[in-house]
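*Asks:* Sequence isn't available, so here's the structure alone:
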Ligand SMILES: [Ca+2]
Ligand SMILES: [Ca+2]
Ligand SMILES: [Ca+2]
Ligand SMILES: [Ca+2]
């Protein structure tokens, strides 16, 4: 297995983070290749040949190329040994997939107004619009239902949906928006995982503000 | 197994269609329950108790409740016998998941300007904006790369991503937008599948324009 992960060169894509963490948590050796999205390198460079959808992250496993972070994590789970990325229990695995799909397709006003620059670059954003506040409220209500009281993880032990949910909560936490205490504790503990901290450090290094 | 599928009462959600088709293709008995989204029934009625994310489709399997159409299809695949919803080959399965995740998270201007009212209600929309045209071009380029020449299915035989991709292409076809011939043939053949036609008929019946 010769694995390459194409990621955004400014380390801001939450989905590139998710795929990066999945590879690290599986304990797999891989080569991260930063792609300059601002320069359009995903549309013109090597990646445009590999990814029909021109999106980061894209994983190359030899001659096989795969985009979409959730599909990448599932592929690693299906084909690689190592620690699980998804719960073994079918119902818990289903809920992990629900959370991944939901985070990627809903809450757009929140994702816009609390971009990952807030999370990774300590940019301080203006107050939330009504639409983004409604999305934030929905996120927090759903997270309170999905995360068992006092739990460090959604499903007993870490899964990739924990990292995705923690990133969503960090959008609010880093902006100073109100987050219930137990969700803040959860999100901050998830943020300390080695693979997440490695990603954070790579972003800092790429900006020269180490 | 006692299965209930909560769907939108006007039969316009492409994701409710996808979950409906998944259940039918598996040959599973289930009760479809229309939810009036316009009246806010997903936020106040029975569904708000079942779905933390307040989204249709939501599947109930006894006391287990699951939202997000892709998670629902995966859950059925993991737990039910019957015809496959995803390819057996891990790489093909990965690409099917890529397509599902991509369609649900990209091409937003196209999804806005070619809503499923165009597909299911023969509403004729205005010409595409530049942003939506760019999204349409991206969809068509990707579809041409993903669908082998002359193929009736993405991966040799039907999988749930075929229905999802065909729905995306129907947004353009029904509006009279330009679609390469072989993609049109593919999308129209997919549209004839019994489960899709059943959904189309349910929508017509709900509007009294049978
Ligand atoms: Ca992406
Ligand atoms: Ca983590
Ligand atoms: Ca939905
Ligand atoms: Ca079909």
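*Replies:* Structure's in. What do you need? All values derive from a computational prediction rather than experimental measurement. Ligands and ions are numbered 1, 2, ... in the order given.
*Asks:* List, one by one, the residues from chain A near ligand 1.
*Replies:* A:15, A:55 (C-beta under 5 Å from the ion). Quick note: C-beta positions are derived from backbone N, CA and C, even for glycine.
*Asks:* Output the below-cut-off pLDDT ranges for chain A.
*Replies:* Applying pLDDT under 70 to chain A flags the ranges A:209-210.
*Asks:* any chance you could map the strands in it?
*Replies:* Using DSSP state E, the strands of chain A run over A:3-8, A:31-35, A:58-61, A:64-67.
*Asks:* What ranges does chain A have for its helices?
*Replies:* In chain A, the helices defined using DSSP state H lie at A:14-26, A:41-44, A:46-50, A:69-79, A:90-105, A:108-113, A:116-120, A:130-146, A:160-175, A:181-191, A:194-206.
*Asks:* Contacts only, for residue A:5.
*Replies:* A:16, A:19, A:20, A:23, A:30, A:31, A:32, A:33, A:57, A:58, A:59, A:60 (C-beta atoms under 8 Å, 6 or more residues apart in numbering or on different chains).
*Asks:* Ok, residue A:45 next?
*Replies:* Listed by C-beta under 8 Å, 6+ apart, the contact set of residue A:45 reads residue A:35.
*Asks:* From residue A:54, how far out is it?
*Replies:* Applying C-beta to C-beta, to the nearest Å, the value for residue A:45 to residue A:54 is 10 Å.
*Asks:* out of the strands of chain A, deepest packed?
*Replies:* Mean neighbour count (mean count of other C-beta atoms under 10 Å in any protein chain shown) peaks for strand A:58-61 among these, with a mean of 24.
*Asks:* How is chain A divided into domains?
*Replies:* The record assigns chain A these domain ranges, following automatic domain parsing: A:3-84, A:90-193.
*Asks:* check whether the last one contacts ligand 3.
*Replies:* No - Domain A:90-193 lies out of reach of ligand 3 by C-beta under 5 Å from the ion, never closer than 7.5 Å.
*Asks:* Distance of residue A:46 relative to residue A:35?
*Replies:* The separation that residue A:46 has from residue A:35, given C-beta to C-beta, amounts to 9 Å.
*Asks:* what does residue A:138 give?
*Replies:* As judged by C-beta to C-beta, residue A:138 and residue A:35 stand 32 Å apart.
*Asks:* before we move on, what about residue A:104?
*Replies:* 19 Å.
*Asks:* ok so, going back, nearest to residue A:205, out of the domains of chain A?
*Replies:* Shortest distance between residue A:205 and those, using C-beta to C-beta, is found for domain A:3-84: 8.9 Å.
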